[in-house]
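Chemist: what's the 3D shape of this:
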Amino acid sequence: MINPVNADIVPARVYTMRRGLEQLRSEVGEIAWTVREHRRELGYTQAELAARVGVGLRFLRELERGKPTLRMDRVEQVLAYFGLKLGVVPRAMGER
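Modeler: Numbering: from 1, shown residues only. This next block holds a predicted model:
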């Protein structure tokens, strides 16, 4: 949708939103990969890990697939099982 007052605003906003989504997918993918690799190192199936951690199997599957809209408290619950936690990390110079 183009803003009739200033046509540059909407496309720039869309670009920024897309770039933000790409960044989010990348970060969520790292979490998914980390959980999957830790689970495999322990030799657990998804069902076994879900039961040990106290989350649902569907949730764990979605987490390992990199679904970006999961409850943070449950993500932290899974990470805590492996001795990990979520945190805020400063961006590198020049990174948007």
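Chemist: show me what contacts the residue sitting nearest the centre point of the chain?
Modeler: By Cα atoms, centre = their mean, the chain has its centre lying nearest to V28, at 2.2 Å. Applying Cβ atoms under 8 Å, 6 or more residues apart in numbering, we find V28 in contact with G66, K67, P68. C-betas here are computed from N, CA, C, even on glycine.
Chemist: Secondary structure element holding the closest residue to the last one other than its chain neighbours?
Modeler: The shortest distance from P68 to any residue other than its chain neighbours is 4.7 Å, reached at V28 (Cβ to Cβ, 6 or more residues apart in numbering). Of the helices and strands defined by DSSP states H and E, V28 is found in helix 9-42.
Chemist: After that helix, which helix or strand is next? Please name it.
Modeler: Next element after helix 9-42 (DSSP H and E): helix 46-53.
Chemist: same for that following helix, what does it pack against?
Modeler: For helix 46-53, the packing partners by 3 or more Cβ pairs under 8 Å, 6 or more residues apart in numbering; DSSP states H and E come out as helix 9-42, helix 57-65, helix 72-81.
Chemist: circling back to that earlier point, of the contacts of V28, buried ones?
Modeler: Neighbour counting by 16 or more other Cβ atoms under 10 Å classes G66 among these as buried.
Chemist: From the chain's centroid, how far away is stretch 26-33?
Modeler: Relative to its chain's centre, stretch 26-33 lies at 5 Å (Cα atoms, centre = their mean, to the nearest Å).
Chemist: What pLDDT is listed against D8?
Modeler: Per-residue confidence (pLDDT) for D8: 39.
Chemist: Low-confidence ranges, the chain, go.
Modeler: 1-25, 94-96 (pLDDT under 70).
Chemist: Please repeat the previous calculation with a cut-off of 90.
Modeler: 1-30, 68-69, 86-96 (pLDDT under 90).
Chemist: E76 against G87, yeah?
Modeler: No. E76 is not in contact with G87 according to Cβ atoms under 8 Å; the separation is 10.3 Å.
Chemist: Many thanks, I have nothing further to ask.
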